[in-house]
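> Pasting the sequence and the predicted coordinates here, then a few questions.
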Amino acid sequence: MRILLYNPDNGVTRNFMPHLWMFLLQALTPPGHEVVLIDGNAQPMDEAGIARFVREQNIGLVGIGAMTRMIAKAYRMADAIRAVGVPVVMGGPHVTEEADEALGRNGGPRHADAVALGEADETWPRIVADAERGHLKDIYAPVDAFGQESKPSLKEYPAIPWDKIDLAQFNLVPKMVKRTLQRIGDGWGTFRIIPMESGRGCPYGCEFCTVTGFFGDSIRFRTNESVVNELLLLKARAKSEGGQIAVFFIDDNFAINIKRTKSLLRDIIAAGAQVHWVAQISANLLRDEELVDLIAASGGKWVFIGMESIDPTNLADVNKGFNKPGEYAAVLERLAARNVFAITSFIFGMDNDTVGVAERTLKEIRTWPAGLPIFGLLTPLPATPLYKRLEAAGRLTRPKHWQEFIPFAMAHTPLKMTIAEAHAEVRKGWANAYSPEAMAQAVDSLKDKPLGYRINIFIARMCFRGIYFPQMGPLAWLKLIYQNRRTIFSLVREGFATWRGRPGNPVPVSDESLETEVGAT
């Protein structure tokens, strides 16, 4: 049987890497089946296109995984697939909480033939076997012999054959510059960000987060050996094809067990398995100097930090009081001193936010080392404590907001500002943090660093802006490049001067240094 695993885009924002679940289920598929992968971010499709694909490719089963922001597109695609007679099984955080919606049991249309609740590591082989026999059940739940929810151990983690998987659709290098970039250093004809996990679960239980509900509050880890071997496989592939690979550890909190994380990072270093990597780590865990040393030595280049707010009252309200805004600057300085930089995430529209929250936040950001700030709105996701609290208070304005994805649009009424004011604050945050002036300041703030660092922060900011506000077509990109022409010209001029060895460039940059820093994006 031919199986398609499909991850939809939401039609607006863009993911910069594929989703791990596709590769994991591909590795867990029983022998005798062929698995095809399509990521909607890399291979955009509409309903007619995917229906035609499953017919022409003789697909016998389609698996669709989607988070809440993608679920409207996922349902439309599932409907188109089922209309041509191909069964669809859906999984992921959203359908785990809204299984009746996916199965049409709440009065709406049915979108899936079956749903996989929770982690599908153990249920997926059963789903495939049932589909092959033509006897899919409505619901597949990971439960033990006593009917209790079962969480898979990660000790026996499936080996994902990264050396054999077709990753062509996930190359981030534009085709128009591929040949030119192949000649730089070890070759930049390909650059991919690959998702990996070293553990699952989070004990913090932040009010707005779906992680604890989906993965649980007990942490499960892969063995160090398993993680190291996977990194070595990816590193070897990048070298063999003359390209570049970076890894995003998708653990919800990569350093939640600091002792274990240090052990893993030491093993990565000892095995020579360093690749450029990104991970999500809470600010409170980055107080540890030795941990930060090991992050840098093992290849860590960017750390995603969910700061959420600079207001301690807001953080306490959403059960994230372990974040201490007074420590943010020290944490970021500690990272930057080791040439590791931060992706800092902020949420506007919290209960203690008032008009001016964007400028107050930007004022703090301007005092920190250059990084990648992200601004979003507080969003009540289904089944989270936040959703239940706002629903009980009658504050939800779009209770089924996921049925029509609208980027940067609130689904509830804030306490101390209007919805329109909250929207304006997010727009101000993005406009100011990614203006040509802010881009130039970020580059200039690294003037004491080698050229590679400044190129890195500029490219990273351009790309991140494109993730959240996609440049629709060549003209939009040309406009953005024109707006930042002075910074681009300055970097190009310095690059040529350095390359030709002109005086006045006291810190020359080798190809290896440039590769190291640009690779972090």
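Arrived safely, thanks for sending. Bear in mind the structure is a predicted one, so any value in this text is a computation, not a measurement.

> now stretch 468-482, how far from the centre of its chain.
Here the centre of stretch 468-482 is set off from its chain's centre by 22 Å, with Cα atoms, centre = their mean, to the nearest Å.

> Quick one: end-to-end length of it, please.
Taking Cα to Cα, to the nearest Å as the measure, stretch 468-482 stretches 20 Å from start to finish.

> what do you get for stretch 125-145?
Stretch 125-145 has an end-to-end distance of 17 Å (criterion: Cα to Cα).

> Over to Thr190: give its phi and psi.
Thr190 adopts backbone torsions of phi -130, psi 140, taken as degrees, to the nearest 10.

> and it, what pLDDT?
According to the model's per-residue confidence, Thr190 sits at a pLDDT of 80.

> Just give the closest residue to it, not the sequence neighbours.
Closest residue in space to Thr190, ignoring its immediate chain neighbours: Gly243 at 3.1 Å, by Cβ to Cβ, 6 or more residues apart in numbering. For glycine as for every other residue, the C-beta is placed from the backbone atoms N, C-alpha and C.

> How about Asp311?
Take Asp311 and drop its neighbours on the chain: the residue closest to it by Cβ to Cβ, 6+ apart is Asn352, 5.4 Å away.

> picking that back up, quick check: the residue nearest to Thr190 touching Phe170?
No. If you go by Cβ atoms under 8 Å, Gly243 and Phe170 don't touch, sitting 11.2 Å apart.

> which neighbours do those two share?
Residues within reach of Gly243 and of Phe170 at once, by Cβ atoms under 8 Å, 6 or more residues apart in numbering, are Arg192.

> element containing Ile374, please.
Assigned by DSSP states H and E, Ile374 falls within strand 372-377.

> Please spell out which residues along the helix or strand following that strand are buried.
Stepping forward along the backbone from strand 372-377, the first helix or strand reached (DSSP H and E) is helix 385-392. For helix 385-392, the buried set under the neighbour-count rule, 16 or more other Cβ atoms under 10 Å, comprises 385-387, 389-390.

> Return the set of buried residues in the helix or strand following helix 385-392.
Following helix 385-392 in sequence order, the next helix or strand is helix 419-433 (DSSP H and E). Counting neighbours by 16+ other Cβ under 10 Å, one finds that the buried residues in helix 419-433 are 419, 421-423, 425-426, 428-430, 432-433.

> now, among the residues you listed, which is nearest to Trp277?
The shortest approach to Trp277 among the buried residues of helix 419-433 belongs to Ala433, at 24.1 Å (Cβ to Cβ).

> Nearest residue to the closest one in space, ignoring adjacent ones along the chain?
Nearest one to Ala433, counting by Cβ to Cβ, 6+ apart, is Pro373 at 4.8 Å.

> pretty sure the one you found contacts Arg366?
No. Under the contact definition of Cβ under 8 Å, Pro373 does not touch Arg366, with a separation of 10.1 Å.

> Of the two, give the one with the bigger neighbour count.
Set side by side, Pro373 and Arg366 show more neighbours around Pro373, with 23 against 13, by other Cβ atoms under 10 Å.

> what does the model give the more buried one for pLDDT?
Per the predicted model, pLDDT is 96 at Pro373.

> next one: Leu475
Listed pLDDT for Leu475 reads 84.

> Following element in sequence after whichever strand or helix holds it, please.
Under the assignment given by DSSP H and E, the secondary-structure element containing Leu475 is helix 474-483. Stepping forward along the backbone from helix 474-483, the first helix or strand reached (DSSP H and E) is helix 485-500.

> State the distance from the residue nearest to Thr190 to Leu415.
Remark: distance between Gly243 and Leu415 (Cβ to Cβ, to the nearest Å) = 50 Å.

> do the same with Ile481
As judged by Cβ to Cβ, Ile481 and Leu415 stand 41 Å apart.

> count of residues packed around the closest residue to Ala271 other than its chain neighbours?
Sequence neighbours aside, Val228 is the residue nearest to Ala271 in space, at 4.9 Å (criterion: Cβ to Cβ, 6+ apart). As a burial measure, Val228 scores 19 neighbours (other Cβ under 10 Å).

> ok, now which ones touch Asp267?
Neighbour list for Asp267: 224-225, 227-228, 273 [criterion: Cβ under 8 Å, 6+ apart].

> cool, Ala329 as well?
Under the contact definition (Cβ under 8 Å, 6+ apart), the residues listed for Ala329 are 364, 367-368.

> can you rerun that using 7 Å?
Remark: with contacts taken as Cβ atoms under 7 Å, 6 or more residues apart in numbering, Ala329 is in contact with 367-368.

> same thing with the one 4 residues further on?
The contact partners of Glu333, by Cβ under 7 Å, 6+ apart, come to Pro369.

> quick one: pLDDT of it?
Reading off the per-residue confidence, Glu333 sits at a pLDDT of 97.

> mind listing what's buried in whatever helix or strand it lives in?
Taking DSSP H and E as the definition, one finds Glu333 inside helix 328-336. For helix 328-336, a neighbour-count test (16+ other Cβ under 10 Å) marks 328, 331-332, 334-336 as buried.

> on that earlier part again, okay, the buried residues of helix 385-392 in JSON lines with pLDDT and distance to Phe469 next?
As requested, the buried residues of helix 385-392 are arranged in JSON lines below (pLDDT from 0 to 100; distance: Cβ to Cβ, whole Å):
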{"residue": "Pro385", "pLDDT": "95", "distance to Phe469": "30"}
{"residue": "Leu386", "pLDDT": "96", "distance to Phe469": "26"}
{"residue": "Tyr387", "pLDDT": "96", "distance to Phe469": "27"}
{"residue": "Arg389", "pLDDT": "96", "distance to Phe469": "31"}
{"residue": "Leu390", "pLDDT": "97", "distance to Phe469": "27"}
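
> Quickly name whichever of those is closest to Ile59.
Using Cβ to Cβ, the shortest approach to Ile59 within the buried residues of helix 385-392 belongs to Tyr387, at 35.0 Å.

> That closest one: what's it in contact with?
Here Tyr387 is in contact with 380-381 (Cβ under 7 Å, 6+ apart).

> Which is the succeeding secondary structure element to the helix or strand where Ile269 lies?
Ile269 is located in helix 258-270, with elements delineated by DSSP H and E. From helix 258-270 onward toward the C-terminus, using DSSP H and E, the following helix or strand is strand 276-280.

> outside of that next one, which residues touch it?
Surrounding strand 276-280, the residues in contact under the criterion Cβ under 7 Å, 6+ apart are 246-249, 251-254, 299-304, 519-520.

> That'll do, ta.
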